[in-house]
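>>> Sequence unavailable; structure follows:
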């Protein structure tokens, strides 16, 4: 697919998938029209970079483009924000967050994802001015307080239930995007910390996503 066709596919994704799914924030739409998602997907799926699908990623999956867009709109990232991303994956959402925030800390349990994201983001430094990302390897299934508190937290894998450890890692006024629930019954949530011991939870939409590694609930015993 030529670069011209990629530009058209990117435009079509925004207009046909994302706008129609109630993502209308001009800042988010403009960013998605500019950021080349095809540079972050595995080479075998480059032609499908803008398809409405969860692209396979070394045993994991990228989120659908419209979910990535909803994540950005819900978190409403500001230029002074310090953001935590849980699940670096392809590095695409990392790049999007970095264009909006002051700094992004991104953690992934898979060292391959961390290395590949580092290489991809390094390529984008000159083209897109992305120089405000710290990539870290580790198991964030129970939390990641290393740089807390955060203005915003984006979790790109699912949890069985809304993780309190991440709610408590927010600054007052901070926002958390997470998809939580059991297989077949999952919801995207926006949690805002409104006071030292108060959080506001808003259900955004129903969806389906693979659980983050090591967050699976223990097996149920049947008698």
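Perfect, thanks for sending it. Bear in mind the structure is a predicted one, so any value in this text is a computation, not a measurement.
>>> And the lowest-mean-pLDDT helix or strand in the chain, what does it pack against?
Least confident element among the helices and strands of the chain, by mean pLDDT, DSSP states H and E: helix 111-128 (a mean of 84). Packing partners of helix 111-128 (3 or more C-beta pairs under 8 Å, 6 or more residues apart in numbering; DSSP states H and E): helix 92-100, strand 103-108, strand 133-137. C-beta coordinates here come from the backbone N, C-alpha and C atoms, glycine included.
>>> would you list every one of the helices in the chain?
Using DSSP state H, the helices of the chain run over 3-12, 26-34, 65-75, 92-100, 111-128, 164-167.
>>> And the helices and strands packed on helix 111-128: which comes nearest residue 38?
Nearest to residue 38 among the helices and strands packed on helix 111-128 is helix 92-100 (9.8 Å), distances taken as C-beta to C-beta.
>>> next one: the closest one to chain centre, how far?
Helix 92-100 has its C-alpha centroid displaced from the chain centroid by 9 Å (C-alpha atoms, centre = their mean, to the nearest Å).
>>> what about residue 163, neighbour count?
23 (other C-beta atoms under 10 Å).
>>> Which residues are in contact with it?
143, 155, 178, 180, 215 (C-beta atoms under 8 Å, 6 or more residues apart in numbering).
>>> Check the helices of the chain for me: which has the lowest mean pLDDT.
Set side by side, the helices of the chain give their lowest mean pLDDT on helix 111-128, at a mean of 84.
>>> Tell me the buried residues in it?
For helix 111-128, a neighbour-count test (16 or more other C-beta atoms under 10 Å) marks 113, 114, 116, 117, 118, 120, 121, 124, 128 as buried.
>>> For the fifth one, which non-adjacent residue is spatially closest?
Nearest residue to residue 118 in three dimensions, chain neighbours excluded: residue 135, at 5.4 Å (C-beta to C-beta, 6 or more residues apart in numbering).
>>> again, but for residue 76
residue 175 (6.8 Å).
>>> residues touching that neighbour, list them.
Contacts of residue 175 (C-beta under 8 Å, 6+ apart): 74, 75, 76, 151, 152, 153, 190, 191, 192.
>>> again with residue 191
Going by C-beta under 8 Å, 6+ apart, residue 191 touches 162, 167, 170, 175, 176, 178, 199, 200, 201, 202.
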